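Q: Here you go, sequence then predicted model.
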Amino acid sequence: MADTMLRPLLPLDAEVHPGLPLFSHPGIDRTVVDAVHPTVSDLGEPPASPRGGAFAEYADLSHTPITGHVDRRRWQSDFSTSQGARASSWAFAGIAALEAAYARTDVRVKLSEQYLFHLSTAWSSQRRGGGVHSLVGVPGTADVVHHLAYFSVPESRYVPYVDQVPLEELAASIPQTGGELTANPGSGTIEQADWFEFDLRHIPLAGCWSASYRVAAYGSVETSVDNIKRVLERGYEVVVDVEDLVNAGGHVVLIYGYNDATQTFLIKSSQSLPGFGTMRYTDDPTFRLREGESYYIRSVRPVAPQLAAAWVGRWAIDHDGWRGRLVVRTFIDVTGDGCLPTPETPIGLGTWYSDDGHRLPVVGWFVDGGRGLVCFIGDQKFELFLHGSDPYFASGRCWWNGTPLGVVLSRGVVTGSGTGISDRGAASGTWETNHDGWRGSLRIGPDSWYRQADDGILRTAWIDPETDSHRVEAHVQFGSDNPDQRFDLLVHTRERAVLAGTTEWDRQLWPVSGRLAACLYLIRTDGSLVWHQHTGRDALNFVWEEPRKVGTGWNTFARVIGGRDGVIYTLGHDGSLQWFLHRGRSQGNFDWTGPHPVGTGWSDYIDIVAGDGGVLYGLKSDGTLHWHRHHGHRDGSNDWEGPVALGGGWDGFVRIAGGPDGTLYGVRADGALFWYRHLGFDHGFPIWLGPRKIGTGWGGFDRLLATGSGYIYGRRGPGSHTAGELWEWRHTGFETGEATWREGAMVGEGWSGRDILDVFAT
């Protein structure tokens, strides 16, 4: 079908959000292009074609001979899908040209038209302030090639094409769109469009992190039969605008050959599969060349991620306890000089929305080839970095009245609990840290040490005594080649259990984030609550802090659920839910906030499992899993989102455990262990990875505790000659569901018996 003219022509000068795969201390992929591109008007007219420069070429082809026949079919692959009911032929033609250009370099790949369409609308949305989203067909033009020189695209297997009807169904299923997004131009607000545009069912993160294919240099010519022939003679395919005479609309095709004997072009059109056909030079019954310019790709870049684009999307952000949502819609000005923005040329990147309803513009630039983002949210400066080995996260620092403060970002939820003013004393304890994707445990106090999670090796660490009240300067000795790696850690002053900052490696800054490590608790039959801190966690050994009694009366509840970050929920026999915060958990002190009543009706669930950021999953007897999010998770207020039914089949598990960042583990009756990751756990969206079978032999454990960074504890229950044993493993594939492990070890005894009611972690 033709690209129906649903609205005035939108600029394909779209700023976009490609991405990157998992990377660690990557090389710089700095975009430097020389062509100057005129500004696109607010009405959406396409820019004039660029002239000159190493990046763009306006070719004089008058001396190129015409031989009478060219067929570049060998560089083409079949379309795997047609454009369907969407006005997206420009995306198909541009992707076909890019695939052919890579094929000429012996790189055969199928790339994502869906991603390219999305990138274009994301930039337009930021520029126009709303009414632009991927539900609205874009009657684009052949200058899509120009835009492919600014941003990369991923393989289609990561972001497959979606037709109009299922795309509209997705938008309608998202509560935050309010049902306002339609195929009509201008429908919905910019915020409603954001919820749909950056939904992971629309554009999966795997695509964002693997977008690595981009144009290096391109050219354009005035559209004519002879000019198209001459470009083909030079060895390039041509992206051309045509009139669709059958459907009375605009269309874009790729021309990959011609034949003077039959007076036809060989074309690739997205209206049907596999896409190949012919078009007569003149008087064709289907298509007619449009006046304007046609584009071709001269060369492509080496396959490599475009780091700055990984920032585009929706982030949960917490700066020193101030929480909100950061939406980054663009990363480069494609109407400018083609370079990433700098301190001298900052651009509008998106919007920050606070949890209490405020919104501020985000203006900034990038450093280290896009790995780092420096921006102003309103008047406040932020210096942020992607976690290279785990770009689901970012962290860094901001400044207020000249004081540095910590910042953490996540594609899911941010962690932490408690409110009020904290200080450096709150830093004492064992922290689960993540510096640029490298995970470990840092002990802050008079007996400081560091263990790296990958190998469990103990590293020498020390703390500088003279710093600001909320600032910890830690040093870790990683080896003879790096005897003193400095960490500038900023403990959040308005909440507990969170820190962030930077570390220096190879004379560059890298991000650091941290949360207080989980503690284990025993409930005894006399009602006493006993705190345990496993300081040998990363080494998988039998080393613990001295256990301490931190509460009484805990035998009166029907159920106790560890809610992470020191939060504990108790279920009453009447179905009421109460919230507690163990303020003294870093040292095992008798220091509490609560109880606060936070809900009723929870006895409908046969099991309740806690995830991160106040997320609770309730399992009903019919096997359906229900999602809740306690927005009052930090202070114990009765503020909830949900419930949302996530589907059935969960009654096949004899026990379920919740881990960080949406991970869930389930043990079946035969002892098989399965992994899930709920990528929609921040708002209850049904976005899942898994199930993936990752182990066997887990049937002998009556309690399963997932405590972060892949560490899992299993308790041998009563009735076994090994009853009371506590075992620990590290699931090194906890982020992706790979069945990779560090070998487990017994790390405790006496964890079950007549005087013990239960065990949990937070």
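A: Okay, I see it.

Q: quick one, what contacts the nearest residue to Ile317 once chain neighbours are set aside?
A: Closest residue to Ile317 in three dimensions, ignoring its sequence neighbours and counting by Cβ to Cβ, 6 or more residues apart in numbering: Leu326, at 4.4 Å. Yep, even glycine has a C-beta here, placed from its N, CA and C like the rest. Residues in contact with Leu326, defined by Cβ atoms under 8 Å, 6 or more residues apart in numbering, are Arg314, Trp315, Ala316, Ile317, Gly350, Thr351, Trp352, Tyr353, Val362, Ile377, Leu409.

Q: tell me which of the residues you listed is nearest to Val240?
A: Gly350 (34.5 Å; Cβ to Cβ).

Q: doesn't the closest one fall inside a strand?
A: Yes: Gly350: assigned to a strand according to DSSP: H, G, I helix; E, B strand; the rest coil.

Q: Quick check, it in contact with Phe331.
A: No: between Gly350 and Phe331 there is no contact under Cβ atoms under 8 Å: 9.5 Å.

Q: Let me see the backbone angles for the residue nearest to Ile317.
A: Dihedral angles of Leu326 (phi, psi; degrees, to the nearest 10) stand at phi -110, psi 120.

Q: That one bridge partners, please.
A: Trp315, Trp352 (DSSP bridges).

Q: From Cys208, how far out is it?
A: From Leu326 across to Cys208, the span is 15 Å (Cβ to Cβ, to the nearest Å).

Q: packing partners for the longest strand that the chain contains?
A: The residue-count maximum for a strand in the chain (DSSP state E) belongs to strand 249-259. Applying 3 or more Cβ pairs under 8 Å, 6 or more residues apart in numbering; DSSP states H and E, one finds that strand 249-259 contacts strand 69-71, helix 89-103, helix 225-234, strand 238-244, strand 264-268.

Q: can you give me the offset of the first one from its chain's centre?
A: It refers to strand 69-71. Taking the mean of its C-alpha atoms, strand 69-71 sits 45 Å from the chain's own mean (Cα atoms, centre = their mean, to the nearest Å).

Q: quick revisit: which one of Gly350 and Phe331 is surrounded by more residues?
A: Ranked by neighbour count (other Cβ atoms under 10 Å), Gly350 and Phe331 place Phe331 first, with 31 against 27.

Q: low-scoring stretches of the stretch 301-450 of the chain, by residue?
A: 421-425 (pLDDT under 70).

Q: try the chain
A: For the chain (pLDDT under 70), the answer is 1-55, 58-59, 139, 421-425, 467.

Q: Please parse it into its domains.
A: The chain resolves into domains spanning 56-300, 312-516, 520-761 when parsed by automatic domain parsing.

Q: mind putting these in a markdown table, distance to Gln306 included?
A: Putting the domains of the chain into a markdown table (distance: least, Cβ to Cβ, whole Å) gives the following:
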| stretch | distance to Gln306 |
| --- | --- |
| domain 56-300 | 4 |
| domain 312-516 | 7 |
| domain 520-761 | 22 |
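
Q: what about Trp431, which SS state?
A: Note that with three-state DSSP, the state of Trp431 is strand.

Q: and the gap between the residue nearest to it when sequence neighbours are not counted and Arg108?
A: Nearest residue to Trp431, sequence neighbours excluded (Cβ to Cβ, 6+ apart): Gly514, at 4.3 Å. Remark: distance between Gly514 and Arg108 (Cβ to Cβ) = 44 Å.

Q: Now for Asp106, how many residues are close by?
A: Number of residues near Asp106 (other Cβ under 10 Å) recorded here: 6.

Q: Tell me the secondary structure at it.
A: Quick answer, by three-state DSSP: Asp106 is coil.

Q: Equivalent analysis for the one 3 residues further on, please.
A: Going by three-state DSSP, the secondary structure assigned to Val109 is coil.

Q: How about the contacts made by it?
A: Glu99, Tyr102, Glu155, Tyr213.

Q: The residues you listed: which two are farthest apart?
A: Farthest pair in the contacts of Val109, by Cβ to Cβ: Tyr102 and Glu155, 11.0 Å.

Q: who touches both of the two?
A: Val109, Tyr213.

Q: rewinding a little: pull out the buried positions in the helix or strand where the residue nearest to Trp431 lies.
A: Element membership of Gly514, judged by DSSP states H and E, is strand 508-516. For strand 508-516, burial by neighbour count (16 or more other Cβ atoms under 10 Å) applies to Leu509, Trp510, Pro511, Val512, Ser513, Gly514, Arg515, Leu516.

Q: could you point out which element follows that strand?
A: Assigned by DSSP H and E, the successor of strand 508-516 is strand 520-524.

Q: Could you list every helix and strand in contact with that following strand?
A: Strand 520-524 packs on strand 529-532, strand 756-761, going by 3+ Cβ pairs under 8 Å, 6+ apart.

Q: returning to that earlier point: with mean neighbour count as new columns, can the helices and strands packed on strand 249-259 be given to me in CSV?
A: Listed next are these as CSV, based on neighbours: other Cβ atoms under 10 Å:
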stretch, mean neighbour count
strand 69-71, 15
helix 89-103, 26
helix 225-234, 19
strand 238-244, 25
strand 264-268, 23
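
Q: Please consider this matter closed, and thank you.
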